[in-house]
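Student: Next one to model:
(one chain, ligands or ions: 1)
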Amino acid sequence: MSENWARNPGTALQRDRFEDVNINRTAAERRAANIASGRSVKKQHQAAWLLRAIQCIDLTTLAGDDTPGRVRRLCAKARQPVRHDLLSAMDVQDIGMTTGAVCVYPTMVRHAVQALQGSGIPVASVATGFPAGLTPMTQRLAEIHYAVDEGAAEIDIVITREHVLLGNWQALYDEICAMREACGDAHMKAILATGELGTLTNVYRASMVAMQAGSDFIKTSTGKEPVNATLPVSLTMLRAIRDYGEQTGHHVGFKPAGGLRTAKDAMAWLALMKEELGAPWLRPDLFRIGASSLLADIERQLEHHVTGRYASADHHALS
Ligand SMILES: O=C[C@H](O)COP(=O)(O)O
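Tutor: The predicted model follows:
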């Protein structure tokens, strides 16, 4: 992550920027499918794209049975996400390849911070009653303070879905503003839990409110909803990011999360980013992929690229 990673200061709540916008699901699905067909990435560039995807992964463990040991193993993988011999074969052994961040629950932050010392890899913490967000506001804010005090540099908050479903934009804006303030210097990603928002129009409107309230990133899902990151939802959020950028001049990042497991998924989302927002968004400052098990398949594809053979998935430990 670059030192000068710009924050999104947000704006006042401006309903006229989103209340009249309606998203056509059929058109969004068609456009997303077209982009994901992968025509925009030439075969010979695929390995470079996969390396870029790794640099954008928020390597995640968010399980009830997480332990300090599991978090330490995850951090070791974040420090060295691809085997050295594969990096050497691709002549990229000296680029300092790491994942974008490690993402954990608040009580695991200290273990991750310790394990990542000196690596420059930030620790992200979920907070605010993840995944449902249905705990009292004072506790949700206290959780942010706790995670920041433990050393989290990034906070992934969850929104109250009810505010979106009822169109209570002021309440949504106020809640996210309060969370942004609690984050202090930590960068804030707002998880919209799009699988629970009903319509793409709601996704667009919630995205806009989250950005107006100062979110540095908008993120699709917790990974715990029945439907997590999809391409049409992502397209809708990227359109909102583009519109917000045109209106304010502020660049907001995007994080698809939940169910992204294959190198093919990573390629589809990279293509979507490039097509919709352009090359500046293909870097960890503005793009993260939240995933617990994507890295194994990417490493497998890179091995195939280098050796022409596939190793078994369990050959690539704990990715
Ligand atoms: O934010 C990250 C997600 O929780 C990861 O979801 P996943 O386990 O489906 O990759």
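Student: when you scan the longest helix along the chain, is anything in it near the ligand?
Tutor: Looking across the chain with DSSP state H, the single longest helix is helix 231-248. No: Helix 231-248 stays clear of the ligand (C-beta under 6 Å from any ligand atom), getting no nearer than 13.9 Å. In this view, the C-beta of every residue, glycine as well, is placed from N, C-alpha and C.
Student: which element follows that helix toward the C-terminus?
Tutor: strand 253-255 (DSSP states H and E).
Student: Outside of that next one itself, list whatever touches it.
Tutor: If you take C-beta atoms under 8 Å, 6 or more residues apart in numbering as the criterion, strand 253-255 is touched by 58, 156, 189, 216-220, 234, 237-238, 241, 273, 277, 281, 285-290.
Student: Apart from its chain neighbours, what residue comes closest to residue 266?
Tutor: residue 53 (3.9 Å; C-beta to C-beta, 6 or more residues apart in numbering).
Student: again with residue 135
Tutor: Distance criterion C-beta to C-beta, 6+ apart; nearest residue to residue 135, sequence neighbours excluded, is residue 129 at 3.7 Å.
Student: Name all residues that make contact with the one you found.
Tutor: Here residue 129 is in contact with 135, 139-140, 143, 158 (C-beta under 8 Å, 6+ apart).
Student: How is it classified with respect to secondary structure?
Tutor: Following DSSP: H, G, I helix; E, B strand; the rest coil, the label given to residue 129 is coil.
Student: Tell me how many other residues crowd the residue in the stretch 1-150 of the chain that the ligand sits nearest to.
Tutor: As assessed by C-beta to the nearest ligand atom, the ligand sits closest to residue 60 within the stretch 1-150 of the chain, at 4.2 Å. Burial of residue 60 is recorded as 25 neighbouring residues (other C-beta atoms under 10 Å).
Student: Pretty sure it sits against residue 104.
Tutor: Yes: counting by C-beta atoms under 8 Å, residue 60 touches residue 104, with 7.5 Å between them.
Student: which one is the residue of the stretch 101-250 of the chain found nearest the ligand nearest to, not counting chain neighbours?
Tutor: Closest residue of the stretch 101-250 of the chain to the ligand, C-beta to the nearest ligand atom: residue 223 (2.5 Å). Distances taken as C-beta to C-beta, 6+ apart place residue 258 nearest to residue 223, at 3.8 Å, with adjacent residues excluded.
Student: Could you report the pLDDT at the one you found?
Tutor: Predicted confidence (pLDDT) for residue 258: 97.
Student: what sits against it?
Tutor: Going by C-beta under 8 Å, 6+ apart, residue 258 touches 195, 220-225, 228-229, 290.
Student: how near is it to the ligand?
Tutor: Distance from residue 258 to the ligand, counting by C-beta to the nearest ligand atom, to the nearest Å: 4 Å.
Student: start to end distance for stretch 19-31?
Tutor: Chord length of stretch 19-31, first to last residue, is 23 Å (C-alpha to C-alpha, to the nearest Å).
Student: swap in stretch 10-20?
Tutor: End-to-end distance (C-alpha to C-alpha), stretch 10-20: 20 Å.
Student: Alongside the ligand, which residues does the stretch 51-200 of the chain contribute?
Tutor: 60, 62, 103.
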